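Enquirer: sequence and predicted structure below; questions after.
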Amino acid sequence: MYYNENADLSDGEDDELLPLDTEVGTDDQENQAVDDQENRAVDNLENQAVVDQENQVVDDQENQADATTTTASSVEEDRPVFGPHRKLSRGEDLFEFRKEVEMVKEKKFECSLELFLNLFVECCRTPGCDKVPKVKHHFVGTTLVVTAKCHAGHIFKFASSREVNGLYVNNLQSAAATLLSGNNFGKVNRLADFLGLSFLSESTFYQMQRLYLFPAVEEWWSWMRGELLKEFSDEKVVVGGDGQCDSPGFTAKNLCYFLMELTSGYILEIEVRDKRHVGLASTNMEKVALQNALTRLKRVLDVVEVATDASSSIKKLIGE
Ligand SMILES: [Zn+2]
C-alpha cells in the first residue's frame, strides 16, 4: 500500500528519498565538516558509554520496580523443563529481517523544525553551486519531507524516515509502538499534541493497525500458542482463568478471558466476548468465555484442574 497522508501538500513530483547518511558539504564548509565528524566520532564513543550506563540504570530500576516480573522469571529459571524463552522469541526472524530490525532499533530523536530547516536554507547542496535555495517542507505523519530548490534548478530532497515498500518506516513503527506498548491512539496523540510533535492521523493509525499490526500479532500468537501446546501435550495441565472487562461495573461491553498454565505462567488460550454475543447481559460474558476457551483447550490438552473466580454462574458451570 502506498500512503501519503498530506498528498495535497506534496508538489506532485516523485518523492525519491536520499539515503540518510549522505554527507553533504560545500567547499567553505569542508573544514567545519571534518571537525564535526571528528567531534561526532568522539561524541559517539562518549554517548555509547553514557547510553550503556543509562541502560544499566534503567534495567536496574526496572528490575527493582517490577518485582512481580522478577519473581515470575526466577520461577521459570528454576524450571527449564518448559523451554527457554529464546525459543518463543523467533530468533530466526532477527536474521531474516535484519535490515528491518536495524531500522527499528535505530535511534530517533526530537528536533525543532526551524533549526532543521535552517540547514537547507543556507546554501545549495550541489557541489560548486552557491545559489541560495528555496525550501519547502511538509509532514507525512511523523516524517518530515524537505525539498530545497535553488535558482539554478538543483533540487535536493530529504525525508526524516527510511522507506520500505513505499511506506515511511517511522510512521509504521510509531503505530506499532503505540499499540504494542499497551497504549491507545488517543493517549499517544495527546502526548504528541502537548509536545508539539508531528504524529499520525487517527485514520492512518487505524489503517496501519488493521492492515499490518493486527495480522502480525495474530500470526505470532497462533504460532506461539502452537509451540506452547506442543510443550504441554504430554502433561496433565492445571490452568487458572480470569476475564478482564473494558470497563468496571455492570455496563461492560466486551470481555477478554485468559487461561494461564499455572506452573509456567504461559497464557494458553484467549477468548474475546461481546455483550451482543450473550443476549446483551454483560454478566453472562465471563461464563460463556470460560466455557468456549476451556472447550477449545480440552480438545488439545489434558486439562485436569481449573482455578477461577467463584461467581455463582462460574461455580455452576464448573459443577457441570
Ligand atoms: Zn544549486
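Expert: Received, thanks.

Enquirer: enumerate the residues of the stretch 151-300 of the chain near the ion.
Expert: Within the stretch 151-300 of the chain, the positions adjacent to the ion are 152, 154 by C-beta under 5 Å from the ion. No exception for glycine: its C-beta is placed from N, CA and C like everyone else's.

Enquirer: and with 8 Å instead?
Expert: 151-154 (C-beta under 8 Å from the ion).

Enquirer: quick one: which of the residues you listed is nearest the ion?
Expert: H154 (3.3 Å; C-beta to the ion).

Enquirer: neighbours of the closest one, just the number please.
Expert: Applying other C-beta atoms under 10 Å, we find 15 residues neighbouring H154.

Enquirer: thought it was touching V132?
Expert: No - using C-beta atoms under 8 Å, H154 is not in contact with V132, being 11.4 Å away.

Enquirer: mutual contacts of these two, please.
Expert: Each of C124 lies in contact with both H154 and V132 under the rule C-beta atoms under 8 Å, 6 or more residues apart in numbering.

Enquirer: give me the phi and psi for E231.
Expert: phi -60, psi -40 (degrees, to the nearest 10).

Enquirer: would you point out the most distant pair within the residues of the stretch 151-300 of the chain next to the ion?
Expert: Spanning the widest gap among these are H151 and H154, at 9.0 Å by C-beta to C-beta.

Enquirer: which residues do those two both contact?
Expert: Listed as contacting both H151 and H154 by C-beta under 8 Å, 6+ apart are K131.

Enquirer: about what we covered before: who wins for neighbours among the residues of the stretch 151-300 of the chain next to the ion?
Expert: Neighbour counts for those (other C-beta under 10 Å) peak at H154, which has 15 neighbours.

Enquirer: now that one: closest residue in space, sequence neighbours ignored.
Expert: Distance criterion C-beta to C-beta, 6 or more residues apart in numbering; nearest residue to H154, sequence neighbours excluded, is T126 at 4.1 Å.

Enquirer: that neighbour: what's it in contact with?
Expert: Residues in contact with T126, defined by C-beta under 8 Å, 6+ apart, are 150, 152, 154, 156.

Enquirer: please apply the same query to L259.
Expert: Counting by C-beta under 8 Å, 6+ apart, L259 makes contact with 239-241, 267-270, 290, 293-294, 297.

Enquirer: with L294 instead?
Expert: The contact partners of L294, by C-beta under 8 Å, 6+ apart, come to 239, 241, 259, 269, 303, 306.

Enquirer: mind putting those in TSV, pLDDT included?
Expert: Output for those, formatted as TSV (pLDDT from 0 to 100):
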residue	pLDDT
V239	91
G241	88
L259	92
E269	91
V303	88
V306	85
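
Enquirer: what's the farthest-apart pair in those?
Expert: E269 and V306 (11.3 Å).

Enquirer: would you mark the buried spots in stretch 280-289?
Expert: Judged by neighbour count (16 or more other C-beta atoms under 10 Å), stretch 280-289 contains these buried residues: 282, 284-289.

Enquirer: I misspoke; the intended subject was stretch 201-218.
Expert: Within stretch 201-218, the residues that count as buried by 16+ other C-beta under 10 Å are 204-205, 208-209, 213.

Enquirer: which residue is the nearest non-sequential neighbour of E261?
Expert: Excluding the flanking residues, the one nearest E261 by C-beta to C-beta, 6+ apart is L268, at 5.4 Å.

Enquirer: packing partners of the helix or strand containing the one you found?
Expert: For L268, the host element (DSSP states H and E) is strand 267-274. Judged by 3 or more C-beta pairs under 8 Å, 6 or more residues apart in numbering; DSSP states H and E, the packing partners of strand 267-274 are helix 214-231, strand 236-245, strand 254-261, helix 284-300.

Enquirer: strand partners of that strand, parallel vs antiparallel please.
Expert: Its sheet considered, strand 267-274 pairs with strand 254-261 (antiparallel) by DSSP bridges.
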